[in-house]
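Colleague: Sequence below, structure please.
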Amino acid sequence: MGAVPAVSDDLRDDLHRAGYYPDLVADVLDVALADEPVLAHLVHPETTFDASEVRRHVTVLALTPTRLVVAHVDDQAADSENPSPSAQATTEAVPLGELRSVALTHVVPRPQEHRPGRPPVELTLAIGWGAVSRVDLEPATCGDPQCDADHGLTGTLTPDDVVVRVSAAAEGEDSVRAAAAFARRLSAASVRGR
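Modeller: As a prediction, the model looks like this:
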């Protein structure tokens with residue numbers, strides 16, 4: 001074989017900084033990348049809390065010359081079938097020509113004071129390629145305020161393949177800048193991929 005791993009030193013350093021099973025994440029990425037070089041990447045660790053447990057998760061987005069590789073790694077709690085905790089790692093490789101949207105939401109406090117080049121305090125990157133959609137439904141109405149007939153439901157279908165929210169308060173300003181830089185590269189590549 002003798003192939004050079006596709007996971008670059010920069011990506012490997014970011015995985016180690018995230019601190020969530022970096023060697024496991026690098027291995028699953030290496031398989032999904034299939035020796036294709038990484039042009040840009042984003043590593044986003046998350047910790048969520050609910051009433052009974054803490055769950056860790058990492059999402060990695062890796063842009064190659066032909067694909068967007070998405071990796072999700074999650075904690076799996078022990079249960080009656082699996083007596084010890086484990087991790088579940090899933091990767092998906094999306095051809096750049098299949099990307100339908102790269103949407104960015106910038107949150108900027110005091111917009112009247114905004115200065116060129118200053119990053120937002122929060123950036124949400126939503127990438128859609130049609131694999132997953134979210135349906136938001138609500139009761140349909142006819143416009144007559146006196147009408148009490150059932151008009152069924154109306155709704156919106158929104159692509160929801162992957163969403164990453166980066167906050168300066170939680171992850172730091174450098175993380176927001178890194179997310180914006182990755183989004184810029186991905187947005188440009190999605191046009192060239194068609």
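
Colleague: Out of the helices and strands in the chain, which is least certain?
Modeller: Here the helix or strand of the chain ranked lowest by mean pLDDT, DSSP states H and E is strand 153-159, holding a mean of 70.

Colleague: Which SSE is immediately downstream of that strand?
Modeller: Following strand 153-159 in sequence order, the next helix or strand is strand 162-167 (DSSP states H and E).

Colleague: chain center to that following strand, what's the gap?
Modeller: Centroid displacement of strand 162-167 relative to its chain, using C-alpha atoms, centre = their mean, to the nearest Å, is 6 Å.

Colleague: for it, packing partners?
Modeller: In terms of contacts (3 or more C-beta pairs under 8 Å, 6 or more residues apart in numbering; DSSP states H and E), strand 162-167 is packed against strand 40-49, strand 54-63, strand 122-128, helix 173-192. The C-beta positions use only the backbone N, C-alpha and C, and glycine is treated the same way.

Colleague: could you dump these to a markdown table with mean pLDDT, mean neighbour count and distance to Leu11?
Modeller: As requested, the helices and strands packed on strand 162-167 are exported to a markdown table (pLDDT from 0 to 100; neighbours: other C-beta atoms under 10 Å; distance: least, C-beta to C-beta, whole Å):
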| stretch | mean pLDDT | mean neighbour count | distance to Leu11 |
| --- | --- | --- | --- |
| strand 40-49 | 88 | 17 | 5 |
| strand 54-63 | 90 | 20 | 7 |
| strand 122-128 | 93 | 20 | 17 |
| helix 173-192 | 92 | 17 | 11 |
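
Colleague: Could you dump these into CSV and include distance to Val25?
Modeller: Output for the helices and strands packed on strand 162-167, formatted as CSV (distance: least, C-beta to C-beta, whole Å):
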stretch, distance to Val25
strand 40-49, 8
strand 54-63, 6
strand 122-128, 19
helix 173-192, 16
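
Colleague: Which strand or helix spans the residue in the chain sticking out farthest from the centre?
Modeller: Taking C-alpha atoms, centre = their mean, the residue of the chain most remote from its mean C-alpha position is Gln146, at 44.8 Å. Counting by DSSP H and E, no helix or strand carries Gln146.

Colleague: what are the phi and psi angles of it?
Modeller: When read as degrees, to the nearest 10, the backbone of Gln146 gives phi -90, psi -10.

Colleague: Also Pro83?
Modeller: Taking degrees, to the nearest 10 as the convention, Pro83 sits at phi -70, psi -20.

Colleague: From Gln76, how far out is it?
Modeller: The gap separating Pro83 from Gln76 is 12 Å, by C-beta to C-beta, to the nearest Å.

Colleague: So the two - more neighbours on which side?
Modeller: Taking neighbours as other C-beta atoms under 10 Å, Pro83 and Gln76 compare with Gln76 leading, 12 against 7.

Colleague: Would you mind listing where the protein has pLDDT under the threshold?
Modeller: Across the chain, the ranges flagged by pLDDT under 70 are 1-6, 131-134, 156-160, 193-194.

Colleague: Please repeat the previous calculation with a cut-off of 90.
Modeller: Residues of the chain meeting the criterion pLDDT under 90: 1-8, 46-57, 74-87, 100-101, 117, 128-162, 190-194.
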